[in-house]
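**Q** Attaching a predicted model along with its sequence, questions to come.
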Amino acid sequence: MAIIVQKYGGTSVGSLSRIEAVAANIIKTRQQGHQVVVVLSAMSGETNRLLDMAYALDKQPSNRELDMLLATGEQTSIALLAIALIQRGYSAVSLLAHQIGILTDNHFGRARIKSIDNKRLLQSLEQEQIVIVAGFQGVDIEKNITTLGRGGSDTSAVAIAVTLGASECQIFTDVDGIYTADPRVVPTAKKLDCISFDEMLVMASLGAKVLHNRSVEYAMQHNLPIRVLSSFSSGNGTQVVNQNNEEWLMKRQNISSVVHQQQEVMININKITSNIEIAAIFSTLAKESIEVDMINQSFYSAQDEDAAQLICLSFTIHKRDQHKVTTLLEKVTQTHPLLEINLVENIAKLSVIGVGVTSQVGLVFSTLAQKNITISLISSSEIQISVIINEIDLIEGLTALHNAFNLTLLT
Ligand code: ADP
Ligand code: ASP
Ligand code: MG
């Protein structure tokens with residue numbers, strides 16, 4: 001009898017009828033003779049609803065209280081699923097993170113799991129209960145409730161699967177696997193049978209929200225395969241595996257996917273006169289733990305001939321930090337009053353991912369140039385090239401890159 005860990009996302013438990021469908025799926029697994037541990041997200045829309053209420057009261061709500069609030073979403077969904085299973089004659093128990101000792105650090109809103117005490121989980125499994133755990137949440141050493149970041153239930157599920165020695169972690173969602181691009185944006189995207197941890201980690205970090213990036217990181221560290229499946233239809237889904245996996249080795253492509261992300265804003269700062277000002281900007285942001293993504297620095301000549309060469313700095317940050325960053329930069333301009341700061345909101349990041357990307361950089365630029373799509377920022381690594389473009393060009397750019405790299409031909 002194997003222990004199977006299944007995670008169901010927000011859309012999968014988005015209504016009472018969906019909760020009943022999930023209950024039926026769990027019972028099917030149970031009837032195959034497995035012990036089942038289920039990790040749930042909040043019902044779809046619930047986390048956003050809670051966030052909207054908090055932000056209506058305060059533009060910068062307390063991080064601790066936000067986590068306290070957001071963790072309630074998962075409490076509702078786990079209890080409802082347990083009720084549905086018990087009604088069907090199965091023994092089930094719902095458990096919050098602190099009840100199964102999911103210990104995290106104290107970074108509210110983006111906490112990392114440090115350890116899980118599997119005693120309570122094993123005890124409930126021994127009693128033949130279906131165990132339903134609240135995803136996305138943890139507790140720090142001082143017993144404060146923490147959350148793992150948006151999409152973090154995937155990470156809860158992988159961490160629990162590792163703790164229990166499960167042979168894979170099943171992530172049930174609203175698509176039937178991992179695709180060469182977000183299938184909701186690029187309808188010609190193709191489902192992959194398997195993908196490596198490295199590729200998936202880069203995809204998730206660059207915006208493919210089908211898996212939380214830390215879930216992939218954790219699975220990779222512990223060599224635990226993840227399988228992404230649909231909770232709406234049957235099928236084998238996509239397996240995320242290590243690079244020695246024979247199936248992946250046989251099927252791997254130089255370019256595996258194109259990814260987009262709309263959660264960033266770009267900050268342009270003009271009239272910088274020295275590196276000291278740049279250091280002042282970034283150290284102010286770093287003190288508040290603001291993560292900066294893409295950065296570009298360029299020089300230009302001042303119109304006033306007496307002035308030295310000036311620097312223009314552009315970088316991107318996550319939208320959730322926009323208000324905080326604006327306030328911080330206003331403070332910087334009090335000591336550096338000549339700086340000109342503007343914020344560009346409607347941007348999107350496109351990334352091409354694959355082990356062969358470095359030799360194909362030209363194709364990225366020529367493809368976007370043919371579509372008259374302007375690139376504002378660029379970053380690249382061995383396995384990825386990313387560009388910032390105007391949000392309005394997102395679908396055209398993504399589709400063009402997807403076609404240019406022949407991803408529609410994959411089967
Ligand atoms: P859940 O609520 O189940 O956690 P998410 O919304 O977090 O689901 O993730 C599933 C979504 O991820 C899909 O609906 C899809 O739009 C999006 N997505 C983005 N990139 C990809 C991709 N490459 N393959 C599959 N889905 C993707
Ligand atoms: N409920 C959280 C969110 O909406 C966590 C999750 O769904 O994984 O992001
Ligand atoms: Mg998700």
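**A** Structure's in. What do you need? Ligands and ions are numbered 1, 2, ... in the order given.
**Q** Any idea what the spatially closest residue to Ile226 that is not a sequence neighbour is bridged to?
**A** Nearest non-adjacent residue to Ile226, counting by CB to CB, 6 or more residues apart in numbering: Val240, 4.3 Å away. (Glycine included, C-beta is placed from N, CA and C.) Val240 forms beta bridges with Ile195, Ile226, as assigned by DSSP bridges.
**Q** what's near enough to touch Val240?
**A** Contact analysis of Val240 by CB atoms under 8 Å, 6 or more residues apart in numbering lists 178, 194-197, 200, 211, 216, 219, 225-228.
**Q** restrict the residues you listed to contacts with ligand 1.
**A** Ile178 (CB under 6 Å from any ligand atom).
**Q** any chance of the contacts of Val240 in JSON lines, with distance to ligand 2, pLDDT and neighbour count too?
**A** Putting the contacts of Val240 into JSON lines (distance: CB to the nearest ligand atom, whole Å; pLDDT from 0 to 100; neighbours: other CB atoms under 10 Å) gives the following:
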{"residue": "Ile178", "distance to ligand 2": "16", "pLDDT": "97", "neighbour count": "30"}
{"residue": "Cys194", "distance to ligand 2": "23", "pLDDT": "93", "neighbour count": "24"}
{"residue": "Ile195", "distance to ligand 2": "20", "pLDDT": "94", "neighbour count": "30"}
{"residue": "Ser196", "distance to ligand 2": "23", "pLDDT": "93", "neighbour count": "22"}
{"residue": "Phe197", "distance to ligand 2": "19", "pLDDT": "95", "neighbour count": "22"}
{"residue": "Met200", "distance to ligand 2": "16", "pLDDT": "96", "neighbour count": "30"}
{"residue": "Leu211", "distance to ligand 2": "10", "pLDDT": "98", "neighbour count": "25"}
{"residue": "Val216", "distance to ligand 2": "14", "pLDDT": "98", "neighbour count": "26"}
{"residue": "Ala219", "distance to ligand 2": "15", "pLDDT": "98", "neighbour count": "28"}
{"residue": "Pro225", "distance to ligand 2": "20", "pLDDT": "95", "neighbour count": "18"}
{"residue": "Ile226", "distance to ligand 2": "14", "pLDDT": "98", "neighbour count": "28"}
{"residue": "Arg227", "distance to ligand 2": "17", "pLDDT": "98", "neighbour count": "19"}
{"residue": "Val228", "distance to ligand 2": "14", "pLDDT": "98", "neighbour count": "26"}
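**Q** what mean pLDDT does stretch 363-374 have?
**A** Mean pLDDT, computed over stretch 363-374, is 97.
**Q** buried residues in the strand or helix carrying Ala286?
**A** Using DSSP states H and E, the element containing Ala286 is helix 275-287. Buried residues in helix 275-287, counted by 16 or more other CB atoms under 10 Å: Glu277, Ile278, Ile281, Thr284, Leu285.
**Q** Many thanks, have a good one.
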